[in-house]
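Chemist: Sequence below, structure please.
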Amino acid sequence: MRAVLFLLIFLFLTTSPVAARESLGIFEGWGAFRDSATPRCYAIAQSTGRNGRSGKGFAAVSTWPHQKVRGQVHVRLSRARSDKAPVTLSVGERRFSLVAGKVDAWAIDARGDAAIIAAMRSASSMSVQSIDAQGRAFADSYALRGAATAIDAAALGCARVR
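Modeler: Below you'll find the model as predicted:
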C-alpha cells in the first residue's frame with residue numbers, strides 16, 4: 001500500500017497539469033492512468049529499492065494515440081548512467097538492449113517494445129542494469145504482478161481517442 005501511495009505522489013509531482021490525469025486503476029504495484037490533455041495513457045510502476053521500499057526509478061508502457069504510438073516501453077533509471085555504459089533490460093530469462101539517454105531508456109523500436117511487453121506478461125520480475133557516472137554497476141528491479149492488467153487498462157483507456 002505504501003508503494004502505491006509513493007507512486008501516486010510521484011506521478012502528481014512529476015507531470016502537469018495534475019487535474020488532467022485520471023486514474024484507470026491500481027493493479028498490485030502498477031497503476032494505469034489517462035492524461036486527456038496530451039492525450040496519452042500509460043501503465044507505470046516504481047522500482048523496488050532495498051528492503052522492498054520504493055526506488056527512484058520507474059518503468060512505463062505508454063500509448064500516444066495522436067502519434068499512433070502504442071505500447072512504448074520507457075524506463076527512468078534511478079541514477080545517471082555513464083555515457084558509454086549500455087543499458088540492459090532483463091525480463092525473466094530474456095535480455096534486451098535499450099537505447100538510452102542520461103537517465104532514460106527505451107526499446108530500440110516498436111518490434112522491441114512488443115517483445116518486451118510479451119516477456120513482461122509471462123515473467124514475475126524485471127530489472128534494468130547499467131553503470132553509473134561514477135563507474136559503479138547498478139540495477140533497478142520491478143515486480144511484474146499486475147503489470148499486464150495495468151498495460152491492458154492503459155491501452156483500453158485510449159482506445160477511442162483519435
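Chemist: all contacts plus neighbour counts: C-alpha atoms, from now on.
Modeler: OK.
Chemist: And the strands in the protein?
Modeler: Secondary structure of the chain (DSSP state E): strands located at 21-27, 30-35, 40-48, 54-64, 69-76, 87-91, 94-100, 104-106, 125-131, 137-143.
Chemist: just those: most buried one?
Modeler: Sort the strands of the chain by mean neighbour count, taking mean count of other CA atoms under 10 Å, and strand 40-48 sits at the top with a mean of 27.
Chemist: Tell me which other helices or strands that one touches.
Modeler: With contacts taken as 3 or more CA pairs under 8 Å, 6 or more residues apart in numbering; DSSP states H and E, strand 40-48 sits against helix 2-14, strand 30-35, strand 54-64, strand 137-143, helix 147-157.
Chemist: Need these in CSV (columns: mean pLDDT and distance to T88).
Modeler: As requested, the helices and strands packed on strand 40-48 are exported to CSV (pLDDT from 0 to 100; distance: least, CA to CA, whole Å):
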stretch, mean pLDDT, distance to T88
helix 2-14, 44, 24
strand 30-35, 96, 21
strand 54-64, 90, 13
strand 137-143, 95, 9
helix 147-157, 97, 19
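Chemist: Low-confidence ranges, this structure, go.
Modeler: 1-20, 49-54, 162 (pLDDT under 70).
Chemist: Verify the stated contact: A150 with G29.
Modeler: No: counting by CA atoms under 8 Å, G29 is not a contact partner of A150; they are 9.4 Å apart.
Chemist: More neighbours: these two, which one.
Modeler: For A150 versus G29, the count of surrounding residues by other CA atoms under 10 Å is larger for A150: 27 against 23.
Chemist: ok, the closest residue to A123 other than its chain neighbours - contacts?
Modeler: Spatially, and ignoring its direct neighbours in sequence, A123 is nearest to G92 (5.1 Å; CA to CA, 6 or more residues apart in numbering). Contacts for G92 (CA atoms under 8 Å, 6 or more residues apart in numbering) come out as A119, M120, S122, A123, S124, S125, M126.
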